[in-house]
Each structure stands twice: as C-alpha cells, then as structure tokens.
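Visitor: Sequence unavailable; structure follows:
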C-alpha cells in the first residue's frame, strides 16, 4: 500500500519552505535570526493573542558587581525593564486561475503559482525592512515633517553621521546637515570607515557588534546604498586591500564578483533596493535623497548595524488561500495570507523606560554620504 503524507503535515511543510524562500530572496536572510545577537531579531509568536509582541532588549551590564565578602544578594542588576513592542498586520495577495488550471491537484496549483507569490512576499518584506531602517521615530522618512526629522536627529545625535565630519550635524537641523554634504569630501571612503566605527563604539546605549563565522569574530554590518558602495569600491585604499589582502579567487574577491566588502571589522553589504523603488525604475525616495546635498547634489542613506537593529515579528506563517466564485464557478483564485510586523528597534532614553519623544535607535548608526548619479 502506498504511504501518503497527511494534508496537515504537507501544508505545514509548504508554509515553512515558502517562508524560508521569500526571506532568503529578501537579501537580509544572513542577518536574521531568533537570537538577541542577530541584526534583525525575529520573534515567532504564532499562538498568543494580542496585537503587539514584546521584544526584550539586551543591554550591556552597568553595575560594578561585588567583590570580596560583599553579599551579592540584593545587589543583582535588573534586566527585564528593557523591551520594545512591535505591532503586526495581515498581508494578503492572490492570483486568479481558470477551471482548466483548477483541474490540476491543489499541490500542483500551489507549486505553479508559488514563484509569483514568493516574489511578491519577498518584495513586500524587503521594502518594509528598508522603510523601517530610515524611520524618524514612528514615521516613515518620506512622511516625516521637518520638525519630526529634527527631533529624531536631536535624540540620535551620537549615532548619526553626515558625510565625513561630525561638525556637519549643524545644530540638529536635519535639512541643514544634509546640505553640508558635498560631492568631494563626503563620499564613502576608507577614511569614512574609521569614523563610522568610532561613532558606533562611542554611542550609548552601546551598539553591540554582530558575531559571525565559526571563530565568533565581531563585525558591524553596513547596509550600503549602491552609489555609496560604488564610491567605496573605487577608493584606492579599499581597492588595494581587496587586491593585496583578500584571496586571489575569482569567486570570492569583490574585484571580480559582486560581493560584500570587508574592511576594519565592518562588512559592507550593497542593497540595490536602497536606490530603486518597488516595482519601478524610479529612485527609492526613502533612502535616495535627491537634491538635498550641497549644490543640490544627491545623498545616499546607509545603516551601520549591530545586534537588534530591526525587530521582525512573525505572527502567522504564510498560508495558502483560495477563492471559489466568479463567472459561474469557472474562475477561482489561489493566494497567500501572512501576518507580521517589522520595526526599527528603539530605546526609551529616559529613567522611567516610557516611549516618549526621546527615543533612540537601538542598534543603528545612520550615515549619509554623497551619492551622485552615474554620468
């Protein structure tokens, strides 16, 4: 007798495979995980009720501890006061099919439509993550007023860099600071890397490096605008480092292949969608700031990340759905339904821990560099 897979198990496997596929295609998969040590902290909460999910934040211990015969009891350090809440939402899409297609088995039909739905899902979460990176508090950058941008800058002064000079900040005036970025001195270069790392190390709360590899080396990871990545790759110091210090391997060296640039403990990952808008050839105005720099030049936004930079709450696994009415039952639809929330993690920068106007980005240094269009 032939053994068949129970439909419930088959559906569960389809859901998990689908989710793995679209997360992988988003480009952020290497830095997503369920640990507080991951850059994009994933929280799977598929059972509990509630519209918001609480993400615990991991800060460095501040107490001196005890020494000698001093009792430790009563001198413990509390950690549970730090957290960040993420709201989730449903997202759905579907494609219509005819009775002719419907005659195939349900699994074959799902398999046939899966690439289209997976592509849609990966684009959805990719651009949601990008929007989250550059939020001004709770507001998308393109929706933020000048007052909102200035308030965000004032709260995050220790973790924002405009070009290659801290003095470009211009008294917490966001637009004025952008206007100080020029096309000569404020490109992303090897010299920028050292300043970026200093900003990350000096910020408080501490931006904890991401650990990668079997040896557990610590790195910051910079999600990099393509135009800024272009300038970094052309920098003579970076080019020499790739030529002289990295393997002379056509499959590994970024001189020959697209790939991450690694320099001074920072991994630079190019994110093409920082430049290109979703389903369009236009620029992505969330992260490509046209005409705001010195002499109306363009500015690219980059994000130097440590642990818990972004929170990703998975509330409902992708679930196939169907529609069975139209044109006397000849046409029907097969779709996908999922529920999640994606937010930039923020820290309540006050003694009470309340989320007010003094919110700091928890794990990100936002870096603006000159990003002239190709000529």
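Guide: Yep, that arrived. Note that this is a predicted model, so its numbers are computed, not measured.
Visitor: centroid residue for this structure?
Guide: What sits nearest the mean C-alpha location of the chain, by Cα atoms, centre = their mean, is residue 129, with 4.6 Å.
Visitor: tell me the pLDDT at it?
Guide: With respect to pLDDT, residue 129 has a value of 94.
Visitor: Where does pLDDT dip in the stretch 201-350 of the chain?
Guide: Counting by pLDDT under 70, the ranges of the stretch 201-350 of the chain that qualify are 212-216, 242, 244-259, 324-326, 349-350.
Visitor: ok, back up a step: in what helix or strand does the residue nearest to the centre of the chain lie?
Guide: helix 106-133 (DSSP states H and E).
Visitor: just residue 227 next, same as before
Guide: Residue 227 is part of helix 226-234, with elements assigned from DSSP H and E.
Visitor: Please, where are all the strands along the stretch 1-150 of the chain?
Guide: For the stretch 1-150 of the chain, applying DSSP state E, counting those that start in this stretch gives strands covering 32-33, 40-44, 52-56, 83-87, 89-98.
Visitor: what residues does the first one touch?
Guide: The reference is to strand 32-33. If you take Cβ atoms under 8 Å, 6 or more residues apart in numbering as the criterion, strand 32-33 is touched by 23, 38, 39, 40, 41, 42, 312. C-beta coordinates here come from the backbone N, C-alpha and C atoms, glycine included.
Visitor: how much space between the third one and residue 223?
Guide: What it means is residue 39. Shown here: residue 39 relative to residue 223, a distance of 9 Å by Cβ to Cβ, to the nearest Å.
Visitor: what residues are shared contacts of these two?
Guide: Both residue 39 and residue 223 are contacted by residue 305, under the criterion Cβ under 8 Å, 6+ apart.
Visitor: Show me the one of the strands of the stretch 1-150 of the chain that comes nearest residue 151.
Guide: strand 83-87 (18.7 Å; Cβ to Cβ).
Visitor: now that closest one: how far from the chain's centre is it?
Guide: With Cα atoms, centre = their mean, to the nearest Å as the basis, strand 83-87 stands 16 Å off its chain's centre.
Visitor: Find the helix or strand that residue 262 is a member of.
Guide: strand 261-263.
Visitor: could you show me where the strands are in the stretch 201-350 of the chain, in order?
Guide: Using DSSP E, counting those that start in this stretch, the strands assigned to the stretch 201-350 of the chain run over residues 210-212, 217-224, 261-263, 266-270, 288-289, 299-305, 310-323, 331-344, 346-348.
Visitor: Redo those as TSV? Include mean neighbour count and distance to residue 158.
Guide: Below are the strands of the stretch 201-350 of the chain laid out as TSV (neighbours: other Cβ atoms under 10 Å; distance: least, Cβ to Cβ, whole Å):
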stretch	mean neighbour count	distance to residue 158
strand 210-212	17	20
strand 217-224	22	15
strand 261-263	19	23
strand 266-270	21	18
strand 288-289	22	22
strand 299-305	27	13
strand 310-323	20	19
strand 331-344	20	16
strand 346-348	21	12
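Visitor: Output those strands as a markdown table; include the columns distance to residue 177.
Guide: Converted to a markdown table, these look like this (distance: least, Cβ to Cβ, whole Å):
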| stretch | distance to residue 177 |
| --- | --- |
| strand 210-212 | 27 |
| strand 217-224 | 19 |
| strand 261-263 | 25 |
| strand 266-270 | 22 |
| strand 288-289 | 12 |
| strand 299-305 | 10 |
| strand 310-323 | 24 |
| strand 331-344 | 20 |
| strand 346-348 | 21 |
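Visitor: how about the ones you listed, which one is nearest residue 163?
Guide: strand 299-305 (8.7 Å).
Visitor: Next, the angle strand 266-270 makes with that closest one.
Guide: Relative orientation of strand 299-305 versus strand 266-270 (axes from the mean of the first three to the mean of the last three Cα atoms, to 10 degrees): 130 degrees.
Visitor: returning to what we had before: among the strands of the stretch 201-350 of the chain, which is nearest residue 125?
Guide: That would be strand 331-344 among the strands of the stretch 201-350 of the chain, by Cβ to Cβ, at 6.8 Å.
Visitor: Could you name the helices and strands sitting against the closest one?
Guide: strand 83-87, strand 89-98, helix 99-102, helix 106-133, strand 310-323 (3 or more Cβ pairs under 8 Å, 6 or more residues apart in numbering; DSSP states H and E).
Visitor: what's the most buried one of the ones you listed?
Guide: strand 310-323 (a mean of 20; mean count of other Cβ atoms under 10 Å).
Visitor: where's residue 202 relative to residue 121, distance?
Guide: Residue 202 is 39 Å from residue 121, by Cβ to Cβ.
Visitor: Could you do residue 294 as well?
Guide: Separation of residue 294 from residue 121 (Cβ to Cβ) stands at 40 Å.
Visitor: what's the burial count for residue 67?
Guide: Neighbourhood size, residue 67 [other Cβ atoms under 10 Å]: 6.
Visitor: What score does it have for pLDDT?
Guide: For residue 67, the model assigns a pLDDT of 75.
Visitor: chain center to the strand holding residue 262: distance?
Guide: 19 Å.
Visitor: again with stretch 218-234
Guide: Using Cα atoms, centre = their mean, the offset of stretch 218-234 from its chain centre is 14 Å.
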